[in-house]
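Colleague: Next input, structure requested:
(chains A and B)
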Amino acid sequence: MTAHPRHRLDPVIHSPIRLSIVACLAAADKAEFAFVRDTVEVSDSVLSRQVTLLTEAGYVQARKGYVGKRPRTWLSLTAAGRAAYEEHLSALRAIAGTPARSEADV
Amino acid sequence: MTDLSPGHAAAALAGVDQASAAVRQHSAWAVRAFTAYAIGTLIFFPAGGLLSAVVVNVAWAVFLLSLLAYARPRRVVGRGFRRLYLTAAAIWTVLWVGLTVLGHAAFPGNVAYWLVAGVVVAVPMAVAAGRARS
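Modeller: Sure, this is the predicted structure:
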């Protein structure tokens, strides 16, 4: 018997905000904290809280740096985060009944 | 595990597409930077080989610094950019050095050589611009 695809949904990525954050980072090598905040349309504090959860899960890496004198925080997806995201997307597509696509198509 | 209807899954996938599209849109600066790099090569490689003037080297340095100033403050770096840039830059450097040495040794003052060689040296950045767009 084949397990229902919902069993392959990742509980960490399942939250709509965290899915948006991970989707944003999956399409990038790295993205600035403020860019992700504006794209996902959340406040600094909400994004910070969600990024902390994703970091603790080992899915996201946060690095601090400077552009000129301005401090910047760069976010990127880890290999584990990318794998979990691909698996989660695959489950979503199976549930939605849409054909599988490669990451390049997303 | 939470149950998810096909409609909710489709909505989640639509949100994913939207986020990906936003990133792609804001990563388009890389296409412009690679294109500018290729065009700069077309101009400065023949100019440097034929004129050997300090002013050409200074203008090339100013051009590269301007490109860096354009790229550095960007808020998002598209997927695969780093690998694409490093590959293109490595090939570009080998071509630039190799064809410069060959040009000065075998074709000094030969306008046709330096123009054609300039096109060859510009190819890696032009290809990178095409890949960054896709």
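Colleague: which residues are in contact with stretch B:19-32?
Modeller: A:20, A:23-24, A:26-28, A:31, A:35, A:39-40, A:106, B:70-71, B:74-79, B:81, B:84-85, B:129, B:132-133 (Cβ atoms under 8 Å, 6 or more residues apart in numbering or on different chains). For every residue, glycine as well, the C-beta is placed using N, CA and C.
Colleague: longest helix in the chain, by residue count?
Modeller: All of this is about chain A. Determined from DSSP state H, the single longest helix within chain A is helix A:79-96.
Colleague: Not quite, go with chain B.
Modeller: helix B:81-106.
Colleague: Mind checking what helix or strand follows it in sequence?
Modeller: helix B:111-133 (DSSP states H and E).
Colleague: quick one: contacts of that following helix?
Modeller: B:27-28, B:30-31, B:34-35, B:37-39, B:41-43, B:45-46, B:49-50, B:78, B:80-81, B:84-85, B:87-89, B:91-92, B:95-96, B:99, B:102-103, B:107.
Colleague: one more time with 6 Å
Modeller: Contact with helix B:111-133 is made by B:30-31, B:34-35, B:37-38, B:41-42, B:45-46, B:49-50, B:84, B:88, B:91-92, B:95-96, B:99, B:103, B:107, as judged by Cβ atoms under 6 Å, 6 or more residues apart in numbering or on different chains.
Colleague: Packing partners of the helix or strand bottoming out on mean pLDDT in chain A?
Modeller: Least confident element among the helices and strands of chain A, by mean pLDDT, DSSP states H and E: strand A:60-67 (a mean of 90). Judged by 3 or more Cβ pairs under 6 Å, 6 or more residues apart in numbering or on different chains; DSSP states H and E, the packing partners of strand A:60-67 are strand A:70-77.
Colleague: The most centrally placed residue in chain B and A:Arg18: what is the separation?
Modeller: In chain B, the centroid-proximal residue (Cα atoms, centre = their mean) is B:Phe34; its distance is 2.2 Å. Between B:Phe34 and A:Arg18 the computed distance is 33 Å (Cβ to Cβ, to the nearest Å).
Colleague: Quick one: distance of the longest helix of chain A to the chain centre.
Modeller: Relative to its parent chain, helix A:79-96 has a centroid offset of 10 Å by Cα atoms, centre = their mean, to the nearest Å.
Colleague: any idea of the angle that helix forms with strand A:60-67?
Modeller: Angle of helix A:79-96 versus strand A:60-67, following axes from the mean of the first three to the mean of the last three Cα atoms, to 10 degrees, is 120 degrees.
Colleague: ok, helix A:79-96 near chain B or not?
Modeller: Yes. Helix A:79-96 is in contact with chain B by Cβ under 6 Å from any Cβ of the partner chain, via A:92, A:95-96.
Colleague: which one of those residues is nearest A:Glu56?
Modeller: A:Leu92 (23.0 Å; Cβ to Cβ).
Colleague: wait, doesn't that closest one sit right on B:Ala14?
Modeller: No. The pair A:Leu92 / B:Ala14 is not scored as a contact, 10.4 Å apart, by Cβ atoms under 6 Å.
Colleague: Looking only at neighbour counts, state which of the two leads.
Modeller: A:Leu92 (26 against 11; other Cβ atoms under 10 Å in any protein chain shown).
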